[in-house]
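**Student:** Give me coordinates for this.
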Amino acid sequence: MIVTPPDLKAFLLATPFFGGLSEAGLDLLISMLVERRFEADATVVAEGEPGRSMFIVKSGRLAVSKRTHAGRVIPISRLEPGDFFGEMTLIEMQNRSATVIAEAPTVLYELTAQKLYACYKADIHAYVIVLQNINRELCRRLRRSDDRFAALQMKGDH
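**Tutor:** The predicted structure is shown next:
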């Protein structure tokens, strides 16, 4: 059995991804995570590449960007400890929708689609909570995107 440091468990439970999980569900998911380390300026994922995993940010800071058809890079958001990304590829099974670059030395926990499916088979309750947490975060992001779009439209009306 893998023993998880109590501070890691407390950190993960406080993130939007793991909130509301039982002790057993949390232990199961922790056992499925793989730690990944990136130096500053390293590309974690690139827009358009295939993706079969998501990441939870343990430490560091990352920049999310998209490329326009003209080739310009547009900053989308910043990610900090507790945030997660890459979940869209697990849900829609499409290529990466954005590029994520480490702005500082960064530690991430990776959860693959295969491991998430193993969670589904082993603990359906934990799986449902995780999907609900992902859905909540996607809704938050959509609201922020809507707000930014509305603000841009208002600027154009003046």
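**Student:** A126 is in contact with L29, correct?
**Tutor:** Yes - with contact defined as C-beta atoms under 8 Å, L29 reaches A126; the gap is 6.5 Å. (Glycine included, C-beta is placed from N, CA and C.)
**Student:** Between those two, point out the one with more neighbours.
**Tutor:** Under the criterion of other C-beta atoms under 10 Å, the comparison of L29 against A126 puts L29 first, with 25 against 21.
**Student:** What pLDDT does the model give the most centrally placed residue in the chain?
**Tutor:** When C-alpha atoms, centre = their mean is applied to the chain, the residue found nearest the centroid is F85 (1.9 Å). According to the predicted model, the pLDDT of F85 comes to 94.
**Student:** Residues in a beta bridge with it, which ones?
**Tutor:** With DSSP bridges as the criterion, F85 is bridged to F55.
**Student:** Can you give me the separation between it and A150?
**Tutor:** As judged by C-beta to C-beta, to the nearest Å, F85 and A150 stand 24 Å apart.
**Student:** Count residues in the vicinity of G60, would you?
**Tutor:** Neighbours around G60, by other C-beta under 10 Å: 20.
**Student:** Contacts only, for it.
**Tutor:** Under the criterion of C-beta atoms under 8 Å, 6 or more residues apart in numbering, the contact partners of G60 comprise 38, 81, 102-108.
**Student:** Can you show me the helices along the chain?
**Tutor:** If you assign secondary structure with DSSP state H, the helices in the chain sit at 6-13, 23-32, 87-92, 113-122, 124-157.
**Student:** What lies in contact with the fourth one?
**Tutor:** This means helix 113-122. Everything outside helix 113-122 that qualifies as a contact, by C-beta under 8 Å, 6+ apart, is 28-29, 32, 52-53, 89-90, 93, 126-127, 130.
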